[in-house]
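Trainee: I would like to see how this sequence folds:
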Amino acid sequence: MQPSKIFMMKMKQSIWKLWKSISHIVSVSFKSIFLIMSLLLEPLLVLLVSFTLLLHASSTKLLIPSPILQKEIMEPAIEGTKFVLMAAKELGVKRLVITSSSVAIGPIPSWPADLIKNEDCWTDVEYCKQNKLWYPAAKTLAEKAAWEVAEEENLDVVVVNPGAAMGAILPPTINSSMSLMLRLLQGCTETYDEVYMGSVHVKDVALAHILVYENPSAKGRHLCIESICHFSDFAAKVTEMYPEYQLPSLPKDTQPGLLRWKDPSKKLMDLGLQLTSVEQIIKDSVESLKSKGFIS
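Mentor: Below you'll find the predicted structure:
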């Protein structure tokens, strides 16, 4: 059997397995997407075979502790990442860009409070499991799996670790990162103390993927975030820009042990990325929420 046929068959099986594993927690419309994807695989595969680049996008996101969804979030993230890398090897893809997350860099309670978190940090998976933080655990284990497969199979892999990606909303439903902004505008007092590290404009995340692909010098992990800050800093800026909304008053330090830093994305900046200011991130996010009817 030709490699492309094997890949298509395995991809269909993987999508069907994932669909069955989440069928009890997703809407009919979302389940339909997975079925449509399987029907569209063959024409898409023709394009994929000719690619020199493969982008592995983000997995299901859940930013607050949850007693459920361990299997639904962790298994697809880890096994799906391994499958994508092996399929890329089989198809001869030259460089893989993996979308990880800043939550694969922290939480890490043992990290010294006087040191800035960077690409050398890895989230404490056992801590996440104990506190039912399945998304950070899943992203961390998935990224580690990617590096293991890359080393074993001699694959050229590079990783982007975005913070809370905000800006214009393209799909009809809101994603988890933008839900932080929406809930804040609605008066929610949640501070995301274990997972928030800072925001980034979604267009900067897209450009970061292009830059690490096009630059052979790009190696390893790349933190993609406007600045390392506390959620209270972000909330204060939103309050300053949009005083008409009744935002909650949050403590000054909402992320225990997180040292603030203005240039955490130096590796990407050295490649030419000019990060969008937090003011513009907020403006684009709020205006997009308005245009989509989430807020008035």
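
Trainee: what comes up buried for stretch 162-173?
Mentor: Buried positions in stretch 162-173, judged by neighbour count with 16 or more other Cβ atoms under 10 Å: 162-167, 169. For the C-beta atoms, the positions are set from N, CA and C on the backbone; glycine is no exception.

Trainee: tell me where the chain has helices.
Mentor: For the chain, applying DSSP state H gives helices covering 3-22, 28-49, 70-91, 125-130, 134-153, 176-185, 202-214, 231-241, 266-270, 278-291.

Trainee: and the ones you listed, which one is worst for confidence?
Mentor: Ranked on mean pLDDT, the bottom entry among the helices of the chain is helix 28-49, at a mean of 34.

Trainee: if we can go back for a sec, from the buried residues of stretch 162-173, which land in strands?
Mentor: 162, 164-166 (DSSP state E).

Trainee: can I get the residues you listed in CSV including distance to residue 92 and pLDDT?
Mentor: Shown next, in CSV, are these (distance: Cβ to Cβ, whole Å; pLDDT from 0 to 100):
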residue, distance to residue 92, pLDDT
162, 28, 96
164, 35, 95
165, 30, 94
166, 36, 96
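
Trainee: just give the number of residues close to residue 81.
Mentor: The local packing of residue 81 (other Cβ atoms under 10 Å) involves 24 other residues.

Trainee: over to residue 78?
Mentor: 21.

Trainee: could you report the distance from it to residue 278?
Mentor: In this view, residue 78 and residue 278 are 32 Å apart by Cβ to Cβ, to the nearest Å.

Trainee: now do residue 73
Mentor: From residue 73 across to residue 278, the span is 29 Å (Cβ to Cβ).

Trainee: same check, this time on residue 155
Mentor: 35 Å.

Trainee: what of residue 253?
Mentor: Computed as Cβ to Cβ, the residue 253 to residue 278 distance reads 18 Å.

Trainee: more neighbours, those two?
Mentor: For residue 253 versus residue 278, neighbours defined as other Cβ under 10 Å are more numerous around residue 278 (21 against 15).

Trainee: thought the more buried one was touching residue 235?
Mentor: No - Residue 278 is beyond contact range of residue 235, at 11.4 Å (criterion: Cβ atoms under 8 Å).
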